[in-house]
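>>> Sequence and predicted structure below; questions after.
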Amino acid sequence: MSRVVLGVSGGIAAYKAVELLRRLAESGHDVTVVPTAAALKFVGVPTWAALSHHPVSSDVWEAADAVPHVRLGREAELVVVAPATADLLARAAHGLADDLLTSTLLTARCPVLFVPAMHTEMWEHPATVENVATLRRRGAIVLEPATGRLTGTDTGKGRLPEPAEIAQLADLLLRRPDALPPDLAGRHVLISAGGTREALDPVRYLGNSSSGQQGVALAAVAAARGARVTLVAANVELPDPSGADVVRVVSTAELRDALHKVAPDADVVVMAAAVADFRPVDPGAYKIKKSDSGPAPIVLSQNPDVLGELVAARRPGQVLVGFAAETGDATGTVLEHGRAKLARKGCDLLVVNAVGDGRAFGQADNAAVILGADGTEQAVPFGPKAMLAASVWDAVAGVAGARAPAR
Ligand code: CTP
């Protein structure tokens with residue numbers, strides 16, 4: 001059971017921190033909630049206390065005999081501040097200790113994850129920009145806010161990322177405190193996720209069961225590591241990861257266009273999408289009807305190998321990563337097929353996972369081996385997809401560091 005402090009500052013998104021608390025508690029973590037006085041104007045003490053099973057206080061004067069402002073920070077294995085308002089970020093950046101949360105931030109020696117939420121103007125104000133830069137320089141992780149509907153009828157950057165995404169990153173930091181270094185800052189990463197669908201007729205398609213979870217986890221972890229992220233999502237029914245530009249596509253042709261458009265600007269391309277190898281030659285304009293003579297055969301043609309094209313068009317220094325879901329067969333093991341595919345595709349890294357028996361597709365957890373073109377082989381044990389994502393970015397940072405400086 002890991003000890004987590006959930007700091008909540010005074011923004012309307014405090015209500016979403018209730019779901020975050022639930023998720024963290026359901027994952028088995030021991031969560032103490034430390035709201036600011038302003039946060040309690042949005043969500044009251046009984047809610048936090050009942051869901052965390054711990055007493056809740058905002059100031060350092062209650063239960064002073066237990067010296068909470070020192071104890072909480074010292075004992076925590078992770079501090080998550082969600083929402084982190086402009087005011088809270090300012091107080092943290094300046095080392096103020098005028099309530100229990102800011103005091104806890106000064107005594108904590110564990111990873112600290114700030115999840116900002118505020119209006120776009122406040123996020124973009126030079127004061128906030130500098131405070132965020134200060135906190136990041138000191139080793140804190142400050143997520144980019146999501147873009148979308150804000151408090152009123154306005155939209156823009158400043159929404160709290162989805163509680164599920166915050167919980168995923170919190171869980172990652174508890175398993176691996178070093179999983180989110182700022183090593184992708186200044187880099188543009190392009191990720192494909194999900195599975196393409198090829199139309200048979202206006203209502204039917206040939207597709208696959210990729211959920212896009214691995215690609216979305218790659219995007220969330222890359223953004224938290226400082227990258228500018230473009231995610232090309234093929235039929236992904238998950239919320240957009242915050243801090244990523246998301247391009248939604250359906251078919252392989254659309255995925256290919258979207259990738260070729262962005263790839264020339266990308267420092268890294270990760271092809272996590274399950275791309276349909278074949279498409280019906282002639283998707284009819286009308287729904288295929290049953291007939292007494294039985295179904296007409298479906299004639300397929302081969303789709304282009306998008307990763308192969310991207311490898312052929314790569315610019316100097318660009319890192320290319322493929323994924324391969326393999327089953328072993330009479331001609332070779334999963335890893336033998338993976339090695340051969342890496343050589344055939346010409347990418348820098350190939351993430352190989354064994355599929356079949358309910359593994360990989362649609363599951364929250366995954367295991368893989370990351371093969372390097374230089375002959376390296378790193379086994380990533382079965383675990384959350386964010387853990388595999390962190391290992392992939394470690395490997396990418398290794399290849400990229402050996403190649404080109406960040407722009
Ligand atoms: N891929 C691609 N374009 C395709 C097929 C696959 O870009 N038309 C990419 C996938 O996104 C993945 C990698 O290539 O990163 C390997 O995918 P996989 O389907 O395993 O490769 P194939 O070349 O189709 O090999 P196989 O003969 O095993 O199907």
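That came through, no problem. Numbering: from 1, shown residues only.

>>> Show the residue spans covered by the helices in the stretch 51-200 of the chain.
68-75, 86-93, 100-107, 120-124, 126-137, 163-175 (DSSP state H, counting those that start in this stretch).

>>> could I get these as a markdown table with distance to A25?
Backbone N, C-alpha and C define where each C-beta goes, glycine included. Listed next are these as a markdown table, based on distance: least, CB to CB, whole Å:
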| stretch | distance to A25 |
| --- | --- |
| helix 68-75 | 17 |
| helix 86-93 | 22 |
| helix 100-107 | 19 |
| helix 120-124 | 29 |
| helix 126-137 | 26 |
| helix 163-175 | 10 |
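
>>> so which of the ones you listed gets nearest the ligand?
Among the helices of the stretch 51-200 of the chain, the nearest to the ligand by CB to the nearest ligand atom is helix 163-175 (22.3 Å).

>>> Would you mind putting the CA coordinates of the closest one into CSV?
Coordinates of each C-alpha in helix 163-175 appear next as CSV, following Å, rounded to 0.1, in the frame of the first residue of the first chain:
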residue,chain,number,x,y,z
PRO,A,163,-8.9,11.6,-13.7
ALA,A,164,-8.1,8.2,-15.3
GLU,A,165,-5.1,9.8,-17.0
ILE,A,166,-3.8,11.4,-13.8
ALA,A,167,-4.3,8.1,-11.9
GLN,A,168,-2.4,6.3,-14.6
LEU,A,169,0.6,8.6,-14.3
ALA,A,170,0.4,8.6,-10.5
ASP,A,171,0.4,4.8,-10.5
LEU,A,172,3.4,4.9,-12.9
LEU,A,173,5.4,7.2,-10.5
LEU,A,174,4.6,5.0,-7.6
ARG,A,175,6.0,1.9,-9.4
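
>>> got a markdown table for the helices of the stretch 51-200 of the chain, with distance to G338, mean pLDDT and mean neighbour count too?
Listed next are the helices of the stretch 51-200 of the chain as a markdown table, based on distance: least, CB to CB, whole Å; pLDDT from 0 to 100; neighbours: other CB atoms under 10 Å:
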| stretch | distance to G338 | mean pLDDT | mean neighbour count |
| --- | --- | --- | --- |
| helix 68-75 | 43 | 85 | 18 |
| helix 86-93 | 44 | 98 | 22 |
| helix 100-107 | 44 | 96 | 22 |
| helix 120-124 | 43 | 96 | 15 |
| helix 126-137 | 36 | 98 | 15 |
| helix 163-175 | 25 | 97 | 23 |
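
>>> just for this structure, where's the confidence low?
Across the chain, the ranges flagged by pLDDT under 70 are 356-362, 402-407.

>>> Grab the most central residue of it for me.
By CA atoms, centre = their mean, the chain has its centre lying nearest to A220, at 1.8 Å.

>>> for that one, what are its contacts?
165, 168-169, 241-244, 386, 389 (CB atoms under 8 Å, 6 or more residues apart in numbering).

>>> if we go to 6 Å?
165, 241 (CB atoms under 6 Å, 6 or more residues apart in numbering).

>>> re earlier: closest one to D59 among the helices of the stretch 51-200 of the chain?
Closest to D59 of the helices of the stretch 51-200 of the chain is helix 100-107 (CB to CB; 5.7 Å).

>>> could you give the angle of the closest one to helix 86-93?
Inter-element angle recorded for helix 100-107 and helix 86-93: 30 degrees (by axes from the mean of the first three to the mean of the last three CA atoms, to 10 degrees).

>>> List the contacts of helix 100-107.
Residues contacting helix 100-107 (CB under 6 Å, 6+ apart): 5, 7, 34, 36, 57-60, 69-70, 72-74, 91-92, 96-97.

>>> With just CA atoms, put it into CSV.
The C-alpha trace of helix 100-107 is given here as CSV (Å, rounded to 0.1, in the frame of the first residue of the first chain):
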residue,chain,number,x,y,z
LEU,A,100,-0.7,22.5,5.2
LEU,A,101,-0.5,21.8,1.4
THR,A,102,2.4,24.2,0.7
SER,A,103,4.2,23.1,3.9
THR,A,104,3.8,19.5,2.7
LEU,A,105,5.3,20.4,-0.7
LEU,A,106,8.4,21.7,1.1
THR,A,107,8.9,18.7,3.2
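
>>> and A276, how far is that from P297?
Applying CB to CB, to the nearest Å, the value for A276 to P297 is 18 Å.

>>> Neighbour count: these two, which is higher?
Higher neighbour count among A276 and P297: A276, with 21 against 6, using other CB atoms under 10 Å.

>>> Distance-wise, check P145 relative to A92.
Distance from P145 to A92, by CB to CB: 16 Å.

>>> what do you get for V352?
Taking CB to CB, one finds V352 at 42 Å from A92.

>>> Buried residues, the lengthiest helix in the chain. List them.
Counting residues, the longest helix found in the chain (DSSP state H) is helix 385-403. Neighbour counts using 16 or more other CB atoms under 10 Å place 385-400 of helix 385-403 among the buried residues.

>>> related to what we said a few turns ago, between the helices of the stretch 51-200 of the chain, which gets nearest to R22?
Closest among the helices of the stretch 51-200 of the chain, using CB to CB: helix 163-175, at 8.1 Å.

>>> tell me what that closest one is packed against?
Packing partners of helix 163-175 (3 or more CB pairs under 6 Å, 6 or more residues apart in numbering; DSSP states H and E): helix 14-26, strand 78-84.

>>> Present these as TSV; the columns should include distance to R109.
Output for the helices and strands packed on helix 163-175, formatted as TSV (distance: least, CB to CB, whole Å):
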stretch	distance to R109
helix 14-26	20
strand 78-84	10
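
>>> got the residues of this structure near the ligand?
271, 273, 275, 277, 303, 305-307, 322-324 (CB under 6 Å from any ligand atom).
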